[in-house]
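S.K.: Starting from these lines, generate the structure:
(chains A and B)
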2 protein chains.
Amino acid sequence: MNIDIITIGDEILIGQIVDTNSAWMAKKLNDEGINVRQISSISDDPGHIVEAFNESSQKVKLVLVTGGLGPTKDDKTKDTICDYFGTKLVHDPSVLKNVEELLSKRGIALNRLNRDQALVPENSRVFENKLGTAPGLLLEKNGCSFIFMPGVPFEMKYLMEFEILPYLRENFQTSTIYHRTVLTQGLPESMLAEKISAWEDALPSYIKLAYLPSPQGVRLRLSARGLAQPVMEADVAGQVVKLQKLIAPNIYGFDDESPAASIGKIMAESGWTVSTAESCTGGAIARLFTENPGSSAYFKGSVVAYSNDIKTKLLNVDADLLLNHGAVSREVVEKMALESCKLLETDFSIATSGIAGPGGGTDEKPVGTVWIAVAGMGKVTSQQFNFGNDRERNIIRTGQNGLFMLRKLILTIKQ
Amino acid sequence: MNIDIITIGDEILIGQIVDTNSAWMAKKLNDEGINVRQISSISDDPGHIVEAFNESSQKVKLVLVTGGLGPTKDDKTKDTICDYFGTKLVHDPSVLKNVEELLSKRGIALNRLNRDQALVPENSRVFENKLGTAPGLLLEKNGCSFIFMPGVPFEMKYLMEFEILPYLRENFQTSTIYHRTVLTQGLPESMLAEKISAWEDALPSYIKLAYLPSPQGVRLRLSARGLAQPVMEADVAGQVVKLQKLIAPNIYGFDDESPAASIGKIMAESGWTVSTAESCTGGAIARLFTENPGSSAYFKGSVVAYSNDIKTKLLNVDADLLLNHGAVSREVVEKMALESCKLLETDFSIATSGIAGPGGGTDEKPVGTVWIAVAGMGKVTSQQFNFGNDRERNIIRTGQNGLFMLRKLILTIKQ
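M.R.: Okay, here's the model as predicted:
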């Protein structure tokens, strides 16, 4: 079945926030075999809301709507909803009770704005929101169901997981889709496409391939649809085996796995530990490791040596070395990597030093110049990069390349 | 003027990637006084593309389209474009030259897929893409202009900044909008709304107020439209002064400023330095400081002490202290904060220790329990929090609260 997602609120249209809600919802729906036809962000102008509702209801039987249900005056959506569905707001005692309980837990007194959160359109189905004051609401018109949720991400997620998805499973028929994404690094899209061209052409017609470039490398998504789940899983697995024969060294993981999580898995399996010594990445690589549950099993810590003093004081980088080669040099990052293993008592480490920008560049070492070293088990390797002028991109790509280099090193050792 | 943004590609509809492009484009367009009416993500199905183009062209005079212009087989958009605009693909020698130059710089040989990137619809206006192989394209139908760009973020950004926005400035009339966002922390939305209710009611009708809740706190966006730029700026500034009288202690900055950047500004002005000693945040706070250009002026470094050994070895946290109070305790974070100032030789520091989850919780200290300390100028303060069960949310909220506590400390000292 097809559904639409509509997000209401100017903040997305003026670029003040990124719409992460819709991607999260789309993924969850997809896992249930529900196909998202279109995601639209619209303003909270009543005319626009009605227009978007009309367009969607002509094409799908279900629309999920987020945003516009907060307690404050800029949220006019509830009135527009009542007009559209030809109903009026009534007080819902169970919603009021929930609001009162929530606020008393937080030590906040109930005011008029909160009390109005308990006003819901008459004849709507109400989904209880245990994490916030605005409930989920379901209304129908012309054979199309509209489900409304607040736009605050953790409230929306709670409602989806514990109320809406269970409701959809019971009340809507879903077809089966199966996705498997192969994560690759180190090959540009066009070279990758050439390498796997024959394999791609031989794919059965019900398996669709998509190339998804990202800062981490190109992801190859295989999507099967319409057959029984076990058949699709087996067929896709078979295709992945064929693919691995073609580009094994470039595959670092599958589906949502991040490069850091993929390394973490190998570390945990082997009983190894890792640390980082970071200059230009400023803690970004430590962050990538520690965002993964269970990372304390293999990640011991990091020295973020943003200033040269700290490089000398904690990582024993000689002042002479800094003077002769500069902080952004092979000599310095290799020393940082080796000392990180010693100081933090880990088997492996990643070290970075570079000019993230926008300031600090010279003719010899322009902004974007980065040295990365990885060390472990008596080996140390390093490489120079230039990632260009954008500070955030420099930090991200340095992190990703550091992880890629570490992965290569540990795979060499495991062989 | 109103425009639409359309993003083509299944990856957003199945939730595999978050659409950050549209928010970035919307912000840039908004700065030019161009109003984004709707943002839509659609599949690369030709029927759906044509439908979306038709709908938009009835409502706006300009549509920006991203996605579907890569070199690989899943990108069918170019054919659909030719059908829709009633044209055909022709080879463009200048695009081919650009592709050849780009690839030779990267040491990649030209293959058929890359050569096809130089195929452009006849009669389209071509915008040169210096960072990638797919150019920008402009085509017109029924009085509506469509501009096509690749979906790779840094290529799209390059094309927007250096080709498309200059083109729009020359060829389209734009009206003026002025936004100013006041960033607040420490007041929930409903309490904030009550505090500023009279002020809000007295706003002139051409200034619109929006409440935007976020993990950093509630942002209040004032949007003025339709008057001369200097008039709007002065009026909004006057309203902000009135607002500051009501909630001064809760305002930490304006517009895009992050809490870390706002602290950094005070640090740089005062000649102060800062470091972090992070356990549960695993480098996240260092990352927040160092993502800001110029942060090396005040941020010296960090010890990410993820394991207890490191807390003892580098931050002198007694093994006894860890044993008696646990790593997640007032005693331990205060010691970490004080030692971070000493070891990294900084005026201020933030220290964190907590149970981010999903594992590691106990009855006494459940998942989400976090201690944060801030130290500096002979003072140290600490506070316990519980942020709940979600690992990523625990890391983010610990970081934000640490920054909020540090801000309070430095403002006390500055008074």
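
S.K.: Would you map the helices across the stretch 1-150 of chain A?
M.R.: A:10-13, A:20-31, A:46-59, A:77-85, A:93-105, A:112-116 (DSSP state H, counting those that start in this stretch).

S.K.: Out of those, name the one with the poorest average pLDDT.
M.R.: Of all those, mean pLDDT reaches its minimum on helix A:112-116 (a mean of 79).

S.K.: Is that one in proximity to chain B?
M.R.: Yes: looking at helix A:112-116 against chain B by Cβ under 8 Å from any Cβ of the partner chain, the contacts come from A:113-114. Placement of C-beta: from N, CA and C, glycine included.

S.K.: what does that helix rub up against?
M.R.: A:71-72, A:96, A:99, A:103, A:108, A:133, B:190, B:193-194 (Cβ atoms under 8 Å, 6 or more residues apart in numbering or on different chains).

S.K.: Tell me the one of these nearest residue A:406?
M.R.: residue A:133 (46.0 Å; Cβ to Cβ).

S.K.: Could you break chain A into its assigned domains?
M.R.: Following automatic domain parsing, chain A resolves into domains at A:2-171, A:177-254, A:259-414.

S.K.: for those, which one ends up most surrounded?
M.R.: Among the domains of chain A, domain A:259-414 has the highest mean neighbour count (mean count of other Cβ atoms under 10 Å in any protein chain shown), at a mean of 21.

S.K.: CA atoms only: put the longest helix seen in chain A into CSV for me.
M.R.: Of all the segments of type helix in chain A, defined by DSSP state H, the longest one is helix A:391-414. Provided in CSV are the C-alpha atoms of helix A:391-414 (Å, rounded to 0.1, in the frame of the first residue of the first chain):
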residue,chain,number,x,y,z
ARG,A,391,35.5,23.0,7.3
GLU,A,392,32.7,20.6,8.2
ARG,A,393,33.4,18.4,5.1
ASN,A,394,37.1,18.3,6.0
ILE,A,395,36.3,17.1,9.5
ILE,A,396,33.8,14.4,8.3
ARG,A,397,36.0,13.1,5.4
THR,A,398,39.1,13.0,7.7
GLY,A,399,37.1,10.9,10.1
GLN,A,400,35.8,8.6,7.4
ASN,A,401,39.2,8.1,5.8
GLY,A,402,40.8,7.5,9.2
LEU,A,403,38.3,4.7,9.8
PHE,A,404,38.8,3.3,6.3
MET,A,405,42.6,3.2,6.9
LEU,A,406,42.2,1.5,10.3
ARG,A,407,39.9,-1.0,8.7
LYS,A,408,42.5,-1.8,6.1
LEU,A,409,45.2,-2.2,8.8
ILE,A,410,43.1,-4.6,11.0
LEU,A,411,42.1,-6.7,8.0
THR,A,412,45.8,-7.1,7.0
ILE,A,413,46.5,-8.2,10.5
LYS,A,414,43.6,-10.6,10.7
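
S.K.: now the residue lying closest to residue A:376 once chain neighbours are set aside: how far from residue A:385?
M.R.: Closest residue in space to residue A:376, ignoring its immediate chain neighbours: residue A:348 at 3.5 Å, by Cβ to Cβ, 6 or more residues apart in numbering or on different chains. Between residue A:348 and residue A:385 the computed distance is 20 Å (Cβ to Cβ, to the nearest Å).

S.K.: circling back: look up how far residue A:263 lies from the residue nearest to residue A:376.
M.R.: As judged by Cβ to Cβ, residue A:348 and residue A:263 stand 9 Å apart.

S.K.: anything in contact with each of these two?
M.R.: What both residue A:348 and residue A:263 touch, as defined by Cβ under 8 Å, 6+ apart, is the set A:274, A:406, A:410.

S.K.: can I get the residues you listed in CSV with distance to chain B and pLDDT?
M.R.: Output for the shared contacts of residue A:348 and residue A:263, formatted as CSV (distance: Cβ to the nearest Cβ, whole Å; pLDDT from 0 to 100):
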residue, distance to chain B, pLDDT
A:274, 10, 98
A:406, 16, 96
A:410, 19, 94
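
S.K.: Tabulate these (CSV), appending distance to residue B:164.
M.R.: Below are these laid out as CSV (distance: Cβ to Cβ, whole Å):
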residue, distance to residue B:164
A:274, 43
A:406, 39
A:410, 44
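
S.K.: between those residues, which is nearest residue A:164?
M.R.: Comparing these against residue A:164 with Cβ to Cβ places residue A:274 closest, at 39.7 Å.

S.K.: surely that closest one meets residue A:298?
M.R.: Yes: Residue A:274 is within contact range of residue A:298, at 5.8 Å (criterion: Cβ atoms under 8 Å).

S.K.: residues bridging contact with the two, i.e. touching both?
M.R.: Shared contacts of residue A:274 and residue A:298, defined by Cβ under 8 Å, 6+ apart, comprise residue A:267.

S.K.: export the strand or helix carrying residue A:193 as PDB, just CAs?
M.R.: Assigned by DSSP states H and E, residue A:193 falls within helix A:189-195. Output in PDB follows, covering the C-alpha atoms of helix A:189-195 (Å, rounded to 0.1, in the frame of the first residue of the first chain):
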ATOM      1  CA  GLU A 189      30.500   5.800  -8.500                       C
ATOM      2  CA  SER A 190      31.400   5.600 -12.200                       C
ATOM      3  CA  MET A 191      34.300   3.100 -11.600                       C
ATOM      4  CA  LEU A 192      32.100   1.000  -9.300                       C
ATOM      5  CA  ALA A 193      29.400   1.000 -12.000                       C
ATOM      6  CA  GLU A 194      31.800  -0.200 -14.600                       C
ATOM      7  CA  LYS A 195      33.200  -3.000 -12.400                       C
END
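
S.K.: Show me what from the stretch 101-250 of chain A comes close to chain B.
M.R.: When proximity is defined as Cβ under 8 Å from any Cβ, the stretch 101-250 of chain A approaches chain B at A:106, A:108, A:111, A:113-114, A:133, A:152, A:154, A:179, A:181, A:188-191, A:193-194, A:200, A:208-214, A:219, A:221, A:223.

S.K.: And residue A:158, how far from residue B:370?
M.R.: The gap separating residue A:158 from residue B:370 is 21 Å, by Cβ to Cβ.

S.K.: on that earlier part again, a markdown table for the domains of chain A, including distance to residue B:353?
M.R.: Formatted as a markdown table, these follow (distance: least, Cβ to Cβ, whole Å):
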| stretch | distance to residue B:353 |
| --- | --- |
| domain A:2-171 | 23 |
| domain A:177-254 | 30 |
| domain A:259-414 | 12 |
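
S.K.: Flag the shaky bits of chain A, pLDDT-wise.
M.R.: Counting by pLDDT under 70, chain A contains low-confidence ranges at A:70-75, A:174-175.

S.K.: For residue A:323, what are phi and psi?
M.R.: Dihedral angles of residue A:323 (phi, psi; degrees, to the nearest 10) stand at phi -70, psi -40.

S.K.: returning to what we had before: after the helix holding residue A:193, which helix or strand is next?
M.R.: Sequence order places helix A:197-201 as the next helix or strand after helix A:189-195, per DSSP H and E.

S.K.: Residues contacting that next one, please?
M.R.: Helix A:197-201 is contacted by residues A:193, A:209, A:239, A:242-243, A:246, B:73 when judged by Cβ under 8 Å, 6+ apart.

S.K.: What of stretch A:353-365?
M.R.: For stretch A:353-365, the surrounding residues in contact (Cβ under 8 Å, 6+ apart) are A:279-280, A:282, A:326-329, A:332-333, A:336, A:366-372, A:385, A:389-391, A:394-395, A:398, B:290, B:293-294, B:296.
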